[in-house]
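Chemist: Okay, here's the prediction I keep looking at, along with the sequence it came from:
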Amino acid sequence: MDSRIEQFEVKMEKSLDGLMEEYTAIRAGRANPRILDKLKIDYYGTPSGIQSVANVSVPEARVIMIQPWESSLIKEIEKAILVSDLGLTPSNDGKVIRLVFPELTEERRKDLVKDVKKKAEAAKVAIRNIRRDANDAIKKLSKANEISEDEVKTLEDQVQKVTDKYVTEVDKAMEAKSKEVLTV
């Protein structure tokens, strides 16, 4: 792989990573502690992730249990969950917080699959934009007579191969997440 192409491949990789990160936040009916990753609470004046101030476990397929290391954090964690867009209502017994994931309706599953596909399409657009930037950079080199026509063709082919690789990865991720969401 030409070193001039590698910087664009890194950007495509970041687009794929971003998509995977977004997919972790999509609930599929099963409890996944990763949905708490974006939530922050005030811990002695420092915004902290829930996983850094509590023990988070999944005792059952549709339950997340959050056990704060300090009981004073229970209200703070509950507040963060309630104001988030998770759509879950926490319950606590004074020691632990439980998040129960309701069964998803068929209609809700279909809506989630549409969202999964929309996010995948956005990632593909980002990857294609990176391809366009790479091809523009190649054309600039050609106009400046820094590379020959043969090198232009070779570099453009490499860019297309990398683009195809990442578009295929996005499609695989979309299929896997859609299947997960539709599985009852």
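Modeler: Received it, and whenever you're ready, just let me know what you need. Quick caveat: nothing in here was measured; it's all calculated off a predicted structure.
Chemist: Quickly list the domain ranges of the chain.
Modeler: Domain assignment for the chain by automatic domain parsing gives 3-24+105-182, 33-100.
Chemist: For the first one, give the distance from the opening residue to the closing one.
Modeler: What that stands for is domain 3-24+105-182. Domain 3-24+105-182 has an end-to-end distance of 41 Å (C-alpha to C-alpha, to the nearest Å).
Chemist: again, but for the shortest one
Modeler: Across its full length, domain 33-100 reaches 12 Å between end residues, using C-alpha to C-alpha.
Chemist: all strands for this structure, in order.
Modeler: 40-43, 46-49, 54-60, 63-68, 91-92, 97-100 (DSSP state E).
Chemist: picking up where we left off before, would you format the domains of the chain as a markdown table with mean pLDDT included?
Modeler: As requested, those are arranged in a markdown table below (pLDDT from 0 to 100):
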| stretch | mean pLDDT |
| --- | --- |
| domain 3-24+105-182 | 89 |
| domain 33-100 | 84 |
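Chemist: Throw the ones you listed into JSON lines and include mean neighbour count, thanks.
Modeler: Any C-beta I mention is one placed from the backbone N, CA and C, and that applies to glycine too. Formatted as JSON lines, the domains of the chain follow (neighbours: other C-beta atoms under 10 Å):
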{"stretch": "domain 3-24+105-182", "mean neighbour count": "16"}
{"stretch": "domain 33-100", "mean neighbour count": "15"}
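Chemist: measure the most centrally placed residue in the chain to residue 163 for me?
Modeler: Centroid-nearest residue in the chain, with C-alpha atoms, centre = their mean: residue 21, separated by 1.6 Å. Residue 21 sits 21 Å away from residue 163, going by C-beta to C-beta, to the nearest Å.
Chemist: same check, this time on residue 26
Modeler: Counting by C-beta to C-beta, the gap from residue 26 to residue 163 is 25 Å.
Chemist: again with residue 149
Modeler: 21 Å.
Chemist: can you pull out the helices in the chain?
Modeler: Secondary structure of the chain (DSSP state H): helices located at 3-24, 74-83, 106-143, 149-182.
Chemist: The second one - contacts with which helices or strands?
Modeler: Other elements packing on helix 74-83 under the criterion 3 or more C-beta pairs under 8 Å, 6 or more residues apart in numbering; DSSP states H and E are strand 40-43, strand 63-68, strand 97-100.
Chemist: so who does residue 97 touch?
Modeler: By C-beta atoms under 8 Å, 6 or more residues apart in numbering, the contact list for residue 97 reads 65, 66, 67, 68, 74, 77, 78, 81, 90, 91.
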